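Peer 1: Sequence below, structure please.
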Amino acid sequence: MSHRRRGFALISTFMFLGMLFMMAVSMILMSRQRIFAGMSQHHQTQALYLAEAGLAKAQVALENDLSWSGVTDATIPGMRGTYTVTFGTGKYDSVNNIGGLTPKPSYRGPNSVPQNSALLIVTSNVSGHRYTLEALVEGNGSVGYVTDAILGSGKIVMQGDLYVDGITALDDSSEVSGSIQSNASAGSNLVSWNGPGTALVTGNVGTQGSSASAISMSGATIQGSLELNSSTVIPSYDVANKVTANYSAGTPVTIVPFGTTTLPAGKHSYSGPAIDGDIVLADGAELYVQGDLSINGTVRGNGSVYVNGKTTLKGDSEVTTNPDYSVSLYSEGSVVLTGFDGTEFMDNQGGQIQADLKNAEAHLKYLQQELSDNGNVLNAYTADRVTTVLVNLGLHDSGTPAQIIPGLLLEDGTPVTPKKNLMYELRDQIDSLPASESKTFLSNRLSKLEDLFKSANLADTVAPDPNLALMNNFEATGETKGLLDSVAAVYSVDHSKPSPPPRFEQAKKLWPNVVNLINSVTYDKIGSSYFQGAIYTQGSFVANNEVQVLGAIIVNGQGTTAETFTLKDVNNNSTTVTLKPGDIYLGKSTRVTYVEEMFKGNPSTPSIGPQLLSKNLWMGR
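Peer 2: Numbering: from 1, shown residues only. Here you go, the predicted model:
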């Protein structure tokens, strides 16, 4: 009996253990399924997050480069998996129509990607789990990301002395390429330079044309390459609609005759006769113009100008390398930017004016070469060279003698006779000439150069530390008076101190501005006039008579009607050029310096920045 009970108990125990085992197995299987389900859900969520991050990355990449071609199996630090963006016509391909004037097809069907838009499709993969996210984005209408100093949809014709270069930023003297690109494709001489004089292009020269004669620049120095069958996306902007939408909301502008009209932050409107004087835009001001805008002066400052007609400007007599001061000009009609042939005007006077001009040119050429040979870096030698040359160019104390620079030669090879205050002497002699537009411009121009090269203690006779005061003034207002001497003097005095004062770091920070200011004065074109910013037109573009643009020229021609321009030189001789929309003409002595930062989203110049994209539609599939 006891054996039966023990046997029954044993059997019961085994059955119970079996049930426990089955329950344990079931629980393990259920837990495993839940773990797998949880992992799957986790990976799906990770794939979603990765796709969203990849889309943001794709948008930034496209903002920075409108020709961006996508990525394959890219990763993001801190996130598992990879993401892919490709461009094409397939189901998982993105379509870039930024800058396009007509809709494009996509996997969604014909005309499914509107003009000036892009369909971005991102596919992520995390441990075999895929997620596809797409967004329809459009350009916000800024000037756009460009990499060329001169960019046009039509022919580019250049004559006379030509200089095309580039810098990283107005406050960064690092060199970048200055390139020329024409999207014209048919015929010959799509990009041409015919002299006389010299031409230097530090970047590439390209055209969409395929003919061997599409680029005609014999005798020019091109440091990059000649590129046939090349094209670049030219930003598109609806200037007319922008003016229509904002003109009535602007405050009507009251012009100060023969003076400076300053426009504060906000919207302003103008429709009227030609303006004698300058327009200064402050704090991002916006000016909307109905009809043509003709200024017998210039527009400068920090802001934007929108014109639904033709724009005619004279260049500025001053340049500032403060990055807070640049203008975006948008013109539906053609843009004409003319100078005053200031250098030729002075050269033609002969006598002491011509002699002082040649002397000043030799000093500028020497200083620019010395800075370049030393890598444009700030050290005791370069600071000393700046100070030495400034004594002869600018206004300095009467007790400071003219500086002798061994080996300094004039253009004809004869030694330079040391002389102080060259800019002051030149301006004084120009002021004695009969009244003329060129005389007025040159007097202002030489006065600005005199201030630029002036000693700090004469530029500011009030502040206890004029060097510090002038550096602070430049950072606050962009005014360049005494800046060069201040920066060089602070470095020379403070660099050997065991614990230099804070102004020493400020001087080091401003040194690239000093280099750019010195280099902006083309040594043999002292009388040049300036435009600082981006120029965008849907007509044609003309620059003539010693003009320098710091920024870029962007011409996206609309229409086919040709326009004839009459150009006059310093001797009042006339020539005519006929251009179609999209064409560019650079006449006598033009320099274009591409400023890269203006087109890569500098926060201090928001009106110029990149072709920022805004999302209209964002969905997963």
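Peer 1: What is the host helix or strand of L287 packed up against?
Peer 2: L287 belongs to strand 277-289 when elements are defined using DSSP states H and E. In terms of contacts (3 or more C-beta pairs under 8 Å, 6 or more residues apart in numbering; DSSP states H and E), strand 277-289 is packed against helix 239-246, strand 259-263, strand 267-270, strand 293-295, strand 299-307. Any C-beta I mention is one placed from the backbone N, CA and C, and that applies to glycine too.
Peer 1: most packed of the ones you listed?
Peer 2: Mean neighbours per residue, mean count of other C-beta atoms under 10 Å, is largest over the helices and strands packed on strand 277-289 for strand 299-307, with a mean of 26.
Peer 1: Partner strands of that strand and their direction?
Peer 2: strand 277-289 (parallel), strand 327-331 (parallel) (DSSP bridges).
Peer 1: which stretches of the stretch 451-600 of the chain have low pLDDT?
Peer 2: Within the stretch 451-600 of the chain, the segments meeting pLDDT under 70 span 600.
Peer 1: circling back: figure out which of the strands paired with strand 299-307 is closest to A476.
Peer 2: strand 277-289 (12.7 Å; C-beta to C-beta).
Peer 1: Next, the angle helix 239-246 makes with that closest one.
Peer 2: Per axes from the mean of the first three to the mean of the last three C-alpha atoms, to 10 degrees, the angle that strand 277-289 makes with helix 239-246 is 80 degrees.
Peer 1: Tell me which residues of strand 277-289 come out buried.
Peer 2: Across strand 277-289, burial judged by 16 or more other C-beta atoms under 10 Å covers G277, D278, I279, V280, L281, G284, A285, E286, L287, Y288, V289.
Peer 1: what two of those have the greatest distance between them?
Peer 2: G277 and G284 (21.3 Å).
Peer 1: helix, strand or coil for D412?
Peer 2: What DSSP: H, G, I helix; E, B strand; the rest coil gives for D412 is coil.
Peer 1: So what's the gap between stretch 153-165 and the chain middle?
Peer 2: 18 Å (C-alpha atoms, centre = their mean, to the nearest Å).
Peer 1: what's the answer for stretch 484-492, then?
Peer 2: Taking mean C-alpha positions (C-alpha atoms, centre = their mean), stretch 484-492 and its chain are 28 Å apart.
Peer 1: same thing with stretch 67-86?
Peer 2: 28 Å.
Peer 1: what is the mean pLDDT for that stretch?
Peer 2: Across stretch 67-86, pLDDT averages out at 92.
Peer 1: Kindly report the same for stretch 248-266.
Peer 2: 93.
Peer 1: buried sites along that stretch?
Peer 2: So for stretch 248-266, counting by 16+ other C-beta under 10 Å, buried means G250, V253, I255, T261, L263.
Peer 1: will you turn these into CSV that also has distance to D583?
Peer 2: Shown next, in CSV, are the buried residues of stretch 248-266 (distance: C-beta to C-beta, whole Å):
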residue, distance to D583
G250, 31
V253, 31
I255, 31
T261, 31
L263, 31
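Peer 1: got the helices and strands packed on strand 277-289 as CSV, with distance to I554 columns?
Peer 2: Below are the helices and strands packed on strand 277-289 laid out as CSV (distance: least, C-beta to C-beta, whole Å):
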stretch, distance to I554
helix 239-246, 12
strand 259-263, 23
strand 267-270, 23
strand 293-295, 18
strand 299-307, 14
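Peer 1: follow-up on the earlier one: list just the nearest of the buried residues of strand 277-289 to F340.
Peer 2: Distance ranking of the buried residues of strand 277-289 against F340, using C-beta to C-beta, places D278 first at 14.3 Å.
Peer 1: how far away is the closest one from D316?
Peer 2: Separation of D278 from D316 (C-beta to C-beta, to the nearest Å) stands at 7 Å.
Peer 1: which residues are in contact with both of those two?
Peer 2: T298, R300 (C-beta atoms under 8 Å, 6 or more residues apart in numbering).
Peer 1: Local confidence estimate at I430?
Peer 2: Reported pLDDT for I430: 93.
Peer 1: For the helix or strand it falls within, list every residue counted as buried.
Peer 2: Secondary structure from DSSP H and E places I430 in helix 422-431. Neighbour-count burial for helix 422-431, counted by 16+ other C-beta under 10 Å, picks out L422, M423, Y424, E425, L426, R427, Q429, I430.
Peer 1: so what secondary structure elements neighbour it?
Peer 2: helix 342-349, helix 351-373, helix 380-393, helix 437-453.
Peer 1: now the ones you listed in JSON lines, with distance to Q159 and mean neighbour count?
Peer 2: Compiled in JSON lines, those are given as follows (distance: least, C-beta to C-beta, whole Å; neighbours: other C-beta atoms under 10 Å):
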{"stretch": "helix 342-349", "distance to Q159": "15", "mean neighbour count": "20"}
{"stretch": "helix 351-373", "distance to Q159": "22", "mean neighbour count": "18"}
{"stretch": "helix 380-393", "distance to Q159": "30", "mean neighbour count": "20"}
{"stretch": "helix 437-453", "distance to Q159": "20", "mean neighbour count": "22"}
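Peer 1: Same list (those) but as CSV, adding distance to A149.
Peer 2: Converted to CSV, these look like this (distance: least, C-beta to C-beta, whole Å):
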stretch, distance to A149
helix 342-349, 22
helix 351-373, 19
helix 380-393, 27
helix 437-453, 23
